[in-house]
Each structure stands twice: as structure tokens, then as C-alpha cells.
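1. Starting from these lines, generate the structure:
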Amino acid sequence: MKIAVTGKGGVGKTTFAATLARLYAAEGKHVLAADVDPDANLGLALGFDEETLDSIVPISRMRKLVEERTGANSQNQFYKLNPKVDDIPDAYGKVCNGVKLLVLGTVETGGGGCVCPEHVMLKRIINNLVLHRDDVVILDMEAGLEHLGRGTTESVDAFIVVIEPGARSVQTYRNVKRLAKDLGVSQVKVVANKVRNEDDEAFIRERIPEEDLLGMIHYNTEVMDADRQGKSPYDFSKTVTDEITKIKSKIDRQADL
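-> All right, here's what the predicted structure looks like:
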């Protein structure tokens, strides 16, 4: 199972991605959670302590490693497009609560399509995670759609778009579905988060096709409390964990079809 979790900033995709990862780990699965968001906070949501997280340098910022693997440096502008990366998850991943966390970071660029050593490294790592590992892999993507434009996630089994009950979030889902089709990813599913009442539920059901809607997570202040205390929602809110467990069951059933 290889899943990319995406959505607008602030919709709760990291809460969902982390809880989903914890649920798979609780089943005894080998789980690798990759943080591909420049505002990396997947580790906290998984239950890592701040001291451990402060010690982690995103792969995209490991200039010496990038130079060693790609051959690129200030004297050499030519570099390998297929650098060795298969050892990186085990060498640089950190484990907590049964989940291996790999912080990839992202390539900050003013242009739309960065072809640079750092981008080559990240794309190769993601492709290796998706194509060559037996783990359950959950990618917590950066907010927005740039990762789709860069084509770093074309081999995943499914995109899960986390949305809120609002027109802009629904538009994000539609854009992801359109761009994913161009990448050959047919499975684009939706999780609605921060759902407050029946009106919100009706709004979602009217706009998201039934076959794409995995489920809803209701607005819950326990998630905010967990965030304030730097805790994992999985350990802090049984209500949210139960709702995501139902969503996970639906993901598993669809994967078996």
C-alpha cells in the first residue's frame, strides 16, 4: 500500500497521515512515513519527542549527501539522474511507535519545474519507496499541487485528498483528480475533516462522488489539545482514531478489490 496524502494547508492532512500510519503499525505492518512538507511536523503527530526531531536534517538539505550520490558540486554541473538511494530510508529514518519516519523536505525553487540534484534525489527516493519497498508507505505531501506538477508521485497506489467542508477544498480535490489522471494515477479518494454538523456532511456528499469519499472526521477539540501538547492524536483522541480506523478499513477493502 503506497499512499500520498495531500490537500490545502491547514486541512489536517498530517493528523490523518500520522494516525493512519500508527494504525497500520499497530497491526504489525512495516510502515514508513515520509514527510515531504517543508513545514515538517509529521514527526510530532507520530509521537516523536522534540529533541529527536530537532536532530533530524531533511534529506533535501544534506548537501554533502546529495553531492556524494549525484556527483554534482560547484566544479561539476553534470550529475547522475539515477543516484543510489535504496539505503537512505534505513540509514536516515528514525523509528517511533512502530513507524519509521523519513524527513525528505522539499526543494525550494522560484520556478515550476526544478531539475536540480536535490530534486533528482527526492524523486528517486520517493520512487524507490513506492516501487521497491514492501512497507506500507504513507507520504505526507506539501500543501498545494506543486508535487503533482513535478511528477514525484506518479507511481503511488492512491492519492488521498484531505478536505474541509468548503468550496476551495472541493476545488483542490478536483484539481488533484485532474492532474493525477495525467500521471496515470486513477485512485483519488477524499477524506473530509473538521466536519461540524449535518449541513457540513450534506455539503460534502453533494459535491464528492460516493465512490471517492472514504469517510469523514468530525471537528474535535481533542486534536487541538494534542497539538498544543506536542502529542500524537492517536494517543490523545479515541474518537478521531476510531473515525480514521473506519476510513482505513475502507482503504483496505478497496485495495483488495
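
2. mind listing what Val190 touches?
-> Neighbour list for Val190: Ile160, Val161, Val162, Ile163, Tyr173, Ile204, Ile208, Asp212, Leu213, Leu214 [criterion: Cβ atoms under 8 Å, 6 or more residues apart in numbering]. Yep, even glycine has a C-beta here, placed from its N, CA and C like the rest.

3. quick one: it from Lys94, how far?
-> Computed as Cβ to Cβ, to the nearest Å, the Val190 to Lys94 distance reads 30 Å.

4. ok so, going back, mind picking the two most distant members of the contacts of Val190?
-> Within the contacts of Val190, Ile160 and Ile204 form the most distant pair, 14.5 Å apart (Cβ to Cβ).

5. between the two, who's got more neighbours?
-> Neighbours per residue (other Cβ atoms under 10 Å) separate Ile160 from Ile204, with Ile160 holding more: 26 against 20.

6. so where's the chain shaky on pLDDT?
-> Within the chain, the stretches falling below the threshold (pLDDT under 70) are 73-80, 107-115, 144, 146-147, 149-152, 256-257.

7. Show me where it has its strands.
-> Under the criterion DSSP state E, the chain contains strands at 2-6, 31-36, 94-96, 99-103, 136-141, 158-163, 188-195, 213-218.

8. can you redo these as JSON lines with distance to Phe48?
-> Below are the strands of the chain laid out as JSON lines (distance: least, Cβ to Cβ, whole Å):
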{"stretch": "strand 2-6", "distance to Phe48": "18"}
{"stretch": "strand 31-36", "distance to Phe48": "10"}
{"stretch": "strand 94-96", "distance to Phe48": "5"}
{"stretch": "strand 99-103", "distance to Phe48": "7"}
{"stretch": "strand 136-141", "distance to Phe48": "13"}
{"stretch": "strand 158-163", "distance to Phe48": "21"}
{"stretch": "strand 188-195", "distance to Phe48": "22"}
{"stretch": "strand 213-218", "distance to Phe48": "22"}
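
9. quick one, which of these is nearest to Glu68?
-> Going by Cβ to Cβ, the one of the strands of the chain nearest Glu68 is strand 99-103, 17.8 Å.

10. Pull out the buried residues from stretch 83-103.
-> 83, 85, 88-89, 92-94, 96-103 (16 or more other Cβ atoms under 10 Å).

11. whoops, I mixed them up, stretch 247-257
-> Of the residues in stretch 247-257, those with enough neighbours to count as buried (16+ other Cβ under 10 Å) are Ile247, Lys248, Ile251.

12. what's the answer for stretch 136-146, then?
-> Neighbour counts using 16+ other Cβ under 10 Å place Val136, Val137, Ile138, Leu139, Asp140, Met141, Glu142, Ala143, Leu145, Glu146 of stretch 136-146 among the buried residues.
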